[in-house]
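below are the sequence and a predicted model for it; my questions follow.
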Amino acid sequence: MVVAVVLAGCGVGLDEGEGEREPDLNYSTIEQGLVTCGTRQDTGYRNGAAFTITVVTADGRPVERDTANAYAVMQQAAAEAGVTLTVVSGFRTMAEQQYLYACYVNCNCNSCNLAARPGYSNHQSGHALDLNTSAPGVYNWLSANAARFGFSRTVPSEPWHWEWWGGGPGGGPCATTPPSCDRAAGLFTFSCDGPEAGKHCVKLEEPADPDTWGDNYLCTADDWGLRWSFAGPIEGMDCTGVHESAEPLASVWADNFLCAPKQSPLGLAWSSAGPLAGRTCVHLNEPADQANSWADNYLCYSKVGRFTDGVLTFSTVGPVDGLECVAVDEPSDPNTWADNYLCSPKELGLGLSWSYAGAVAGQDCTNVAESAEHNAPVWADNFLCAPPQSPLGFSWHTAGPLAGQRCVRWFEWSDLGGSWGDNWLCTVPLTDFSGGGLTFSSDGPNQGQACVAVEEPEDSHGWADNHLCTTLPLALEWSAHGPLPSRDCLQVAAPGEPHPGWDDDYLCVQKAAEYGLTVASAPLPGQDCARWYEAEDTSGGWPGVYVCARFLPPEERTTALVPPAPPSKRPVPGEKPVPEGGLGVVTGGCTSAPGLVPLGLAALLWWRRRRRSAVA
């Protein structure tokens with residue numbers, strides 16, 4: 001059958017993220033104004049997997065049949081508004097995609113434009129069309145009206161690239177007549193006569209209801225991990241009840257649930273009173289159900305833009321207020337990664353950074369990449385980096401979350417073709433923070449090291465098993481009741497600590513020790529620094545507290561009370577010490593050294609000892 005409509009166009013275009021300009025039209029090779037509904041079978045590809053696809057012709061170019069129907073309806077509406085739409089590129093065979101990809105890799109044809117890896121283009125899945133948006137009025141009309149016909153622009157850098165994944169008014173010159181209860185909306189298709197070929201389908205069955213629910217399925221093009229239960233919600237999943245109170249067998253439907261994995265990109269909702277505003281809804285109706293009470297029942301979804309594991313949050317819609325966020329952008333990937341952020345509570349003080357140009361020197365970095373991504377080469381040098389002694393250990397997984405770890409989904413809606421649907425960033429809490437000869441342990445003493453318990457009895461937030469350990473010649477002692485006599489002591493407290501008891505906690509060492517200790521808010525260059533960290537007590541600034549040890553030359557191991565020396569300073573030969581007190585511990589560092597706890601700790605000790613000496 002040949003149907004005359006206002007269609008025109010042609011030429012081989014570029015795929016999502018595959019070029020910087022609209023493909024050229026070649027009017028000498030097209031059949032303008034025709035949709036040919038004679039079908040042929042070809043091999044389509046979705047995320048690398050082959051399936052059988054039905055192809056017709058629109059504007060002289062092969063287009064998947066359902067996409068062609070939706071396009072023809074939209075094209076006719078545009079024509080009535082005086083706008084002429086033209087298909088520039090539609091369905092592509094494997095050979096065509098291989099050619100474009102080779103041009104990109106070898107840079108010897110097609111202007112070296114970017115091209116998706118063969119098997120991963122949405123032109124091969126049949127959903128993508130390149131349209132003549134450079135023609136007068138076309139782009140503005142599409143921007144205002146395409147969504148009504150189920151089309152959306154999915155590549156920000158390509159105004160000509162539009163995709164259809166279902167929806168719209170239906171119809172079209174090559175439409176087939178589906179069973180009366182089959183419905184499609186957005187990502188969902190409800191089928192009342194068995195699963196749909198080439199799709200991921202879950203059976204929606206209530207065995208106790210005899211009204212032919214045994215052949216009803218919810219189908220999606222991508223695997224979203226959905227599961228159905230007629231025996232209550234599934235543990236470990238987010239479940240939505242599916243029921244109809246007016247159903248004669250309502251009691252047997254009360255425990256029916258559609259469940260999605262935790263952090264699913266689909267926010268599911270159920271309505272037994274029509275579709276929900278602001279969501280995409282598919283009609284769930286079984287005509288054979290005797291009471292026909294399912295006529296106004298809809299399963300709806302919204303696209304989730306934020307995912308959290310309780311600590312980390314991945315956002316596809318910009319930074320999250322109140323959290324510390326780092327942009328995770330790959331500028332060479334056009335699929336809207338520019339508004340993606342990884343966020344964490346500010347009180348954790350993770351200090352994360354992102355690099356799309358290799359690992360950051362001096363930091364602990366985790367490669368974030370997806371080998372199946374059609375722009376895989378540009379992701380190879382992307383890294384998430386954390387400062388040394390981070391309280392979290394990071395790992396990257398491209399095949400689902402890792403059991404036993406806390407994982408956050410890493411997802412971008414506009415880059416589904418890049419197979420980011422199963423990517424996760426996972427973390428484990430770390431309990432040892434080591435910097436050379438000092439180690440802070442939050443889970444008990446370390447074997448082979450000299451350790452001292454550093455507990456504040458009045459603070460019940462996990463400090464009972466915390467220890468400071470060392471391999472240095474330091475006789476460490478801890479006091480929760482003020483400085484110890486005949487020892488050099490350093491007060492240890494976090495600025496703003498809200499819990500009681502920390503105003504008289506001291507770390508002490510023997511007189512004239514070989515190493516001086518300093519409390520700092522960051523590791524000090526050239527010193528052995530251990531992070532003082534308890535995961536259960538991240539309030540009050542503890543994540544930013546470090547204890548550092550600096551080797552003291554013999555001439556600095558004096559019993560005289562002197563202001564603390566900077567890390568790089570050495571005594572001038574012949575310089576006379578101040579003949580007072582006895583301090584073998586550097587307690588405050590230099591006033592000009594960045595990142596130190598205020599000098600007040602050292603000054604307070606110095607003043608106290610001068611006062612005692614004066615009184616004596």
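Perfect, I can see it now. Source: prediction; values computed, not measured.

what comes up buried for stretch 377-389?
The neighbour-count check on stretch 377-389 (16 or more other Cβ atoms under 10 Å) flags Val378, Trp379, Asn382, Phe383, Leu384, Cys385, Ala386, Pro387, Gln389 as buried. Just so you know, the C-beta spots here come from the backbone N, C-alpha and C atoms, and that holds for glycine as well.

residues in contact with the fifth one?
Looking back up the chat, that one is Leu384. Going by Cβ atoms under 8 Å, 6 or more residues apart in numbering, Leu384 touches Val326, Val328, Leu342, Leu352, Ser353, Trp354, Cys365, Thr366, Val368, Phe394, Trp396, Leu425.

can you list these in a markdown table and add pLDDT and distance to Val56?
Supplementary listing: the contacts of Leu384 in a markdown table, determined by pLDDT from 0 to 100; distance: Cβ to Cβ, whole Å:
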| residue | pLDDT | distance to Val56 |
| --- | --- | --- |
| Val326 | 97 | 47 |
| Val328 | 95 | 41 |
| Leu342 | 97 | 44 |
| Leu352 | 96 | 50 |
| Ser353 | 96 | 51 |
| Trp354 | 96 | 45 |
| Cys365 | 97 | 50 |
| Thr366 | 97 | 47 |
| Val368 | 95 | 41 |
| Phe394 | 96 | 49 |
| Trp396 | 95 | 42 |
| Leu425 | 97 | 43 |
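
now the buried members of those.
Val326, Val328, Leu342, Leu352, Trp354, Cys365, Thr366, Val368, Phe394, Trp396, Leu425.

can you give me the strands in the stretch 51-200 of the chain?
Assigned by DSSP state E, counting those that start in this stretch, the strands in the stretch 51-200 of the chain fall at 61-64, 87-89, 128-131, 151-153, 161-164, 183-185, 188-191, 200-203.

using PDB, list the CA coordinates for the third one.
Coordinates of each C-alpha in strand 128-131 appear next as PDB, following Å, rounded to 0.1, in the frame of the first residue of the first chain:
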ATOM      1  CA  ALA A 128      15.700   7.700  16.300                       C
ATOM      2  CA  LEU A 129      14.900  10.100  13.400                       C
ATOM      3  CA  ASP A 130      17.000  13.000  12.100                       C
ATOM      4  CA  LEU A 131      14.700  15.700  10.800                       C
END
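
just checking, what packs against that strand?
strand 87-89, strand 161-164 (3 or more Cβ pairs under 8 Å, 6 or more residues apart in numbering; DSSP states H and E).

among these, which comes closest to Gly526?
strand 161-164 (54.7 Å; Cβ to Cβ).

can you give me how far the closest one is from the chain middle?
Centroid separation between strand 161-164 and its chain, computed with Cα atoms, centre = their mean, to the nearest Å, is 25 Å.

which elements pack onto it?
helix 65-80, strand 128-131, strand 151-153.

can you redo the ones you listed as TSV with distance to Leu218, mean pLDDT and mean neighbour count?
Shown next, in TSV, are those (distance: least, Cβ to Cβ, whole Å; pLDDT from 0 to 100; neighbours: other Cβ atoms under 10 Å):
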stretch	distance to Leu218	mean pLDDT	mean neighbour count
helix 65-80	18	91	23
strand 128-131	24	93	29
strand 151-153	22	91	19
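
next, format those as TSV and append distance to Met94.
TSV is the format used below for the helices and strands packed on strand 161-164 (distance: least, Cβ to Cβ, whole Å):
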stretch	distance to Met94
helix 65-80	18
strand 128-131	15
strand 151-153	25
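
can you tell which of those is closest to Ala250?
helix 65-80 (35.7 Å).

and the closest one, how far out from the chain's middle?
Counting by Cα atoms, centre = their mean, helix 65-80 comes out at 36 Å from the chain centroid.

pull that helix out as PDB, backbone CA atoms only.
Provided in PDB are the C-alpha atoms of helix 65-80 (Å, rounded to 0.1, in the frame of the first residue of the first chain):
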ATOM      1  CA  ARG A  65       7.000   0.800  11.400                       C
ATOM      2  CA  ASP A  66       5.700   2.100  14.700                       C
ATOM      3  CA  THR A  67       8.100   5.100  14.600                       C
ATOM      4  CA  ALA A  68       7.000   5.800  11.000                       C
ATOM      5  CA  ASN A  69       3.300   5.800  12.000                       C
ATOM      6  CA  ALA A  70       3.900   8.200  14.800                       C
ATOM      7  CA  TYR A  71       6.000  10.400  12.500                       C
ATOM      8  CA  ALA A  72       3.400  10.400   9.700                       C
ATOM      9  CA  VAL A  73       0.700  11.600  12.200                       C
ATOM     10  CA  MET A  74       3.000  14.300  13.500                       C
ATOM     11  CA  GLN A  75       4.100  15.300  10.000                       C
ATOM     12  CA  GLN A  76       0.500  15.700   8.800                       C
ATOM     13  CA  ALA A  77      -0.200  18.000  11.800                       C
ATOM     14  CA  ALA A  78       2.800  20.100  11.000                       C
ATOM     15  CA  ALA A  79       1.700  20.300   7.300                       C
ATOM     16  CA  GLU A  80      -1.700  21.700   8.500                       C
END
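
now the helices for the stretch 101-250 of the chain?
Using DSSP state H, counting those that start in this stretch, the helices assigned to the stretch 101-250 of the chain run over residues 138-145, 250-253.

quick revisit: could you tell me the least trusted of the strands of the stretch 51-200 of the chain?
Mean pLDDT across the strands of the stretch 51-200 of the chain is lowest at strand 183-185; the value there is a mean of 83.

so how far is that strand off the chain centroid?
Between the centre of strand 183-185 and the centre of its chain there are 29 Å (Cα atoms, centre = their mean).

check stretch 387-406 too.
12 Å.

please name the strands paired to the lengthiest strand in the chain in the sheet, noting orientation.
When the chain is parsed with DSSP state E, its longest strand is strand 34-46. Strand 34-46 pairs in its sheet with strand 2-4 (antiparallel), strand 49-58 (antiparallel), by DSSP bridges.

okay, now Pro473: neighbour count?
Neighbour count for Pro473, taken as other Cβ atoms under 10 Å: 12.

meant to ask about Thr54
Counted with other Cβ under 10 Å, Thr54 comes out at 17.

and if you look at the one 5 residues further on?
Using other Cβ under 10 Å as the criterion, Asp59 is surrounded by 29 other residues.

ok, it touching Val87?
Yes - look at Asp59 against Val87 with Cβ atoms under 8 Å: they come within range, at 4.0 Å.

so where's the stretch 151-300 of the chain uncertain?
For the stretch 151-300 of the chain, the stretches flagged by pLDDT under 70 are 176-181, 212, 287-293.

relative to Glu347, how far out is the spatially most central residue of the chain?
By Cα atoms, centre = their mean, the chain has its centre lying nearest to Trp410, at 2.8 Å. With the distance defined as Cβ to Cβ, to the nearest Å, Trp410 ends up 23 Å from Glu347.

check Gln97 too.
Distance from Gln97 to Glu347, by Cβ to Cβ: 49 Å.

can you check Leu142 too?
Counting by Cβ to Cβ - Leu142 and Glu347 are separated by 47 Å.

so for those two, which sits in the more crowded spot?
The neighbour count for Leu142 versus Glu347, taken as other Cβ under 10 Å, is higher for Leu142 (23 against 15).
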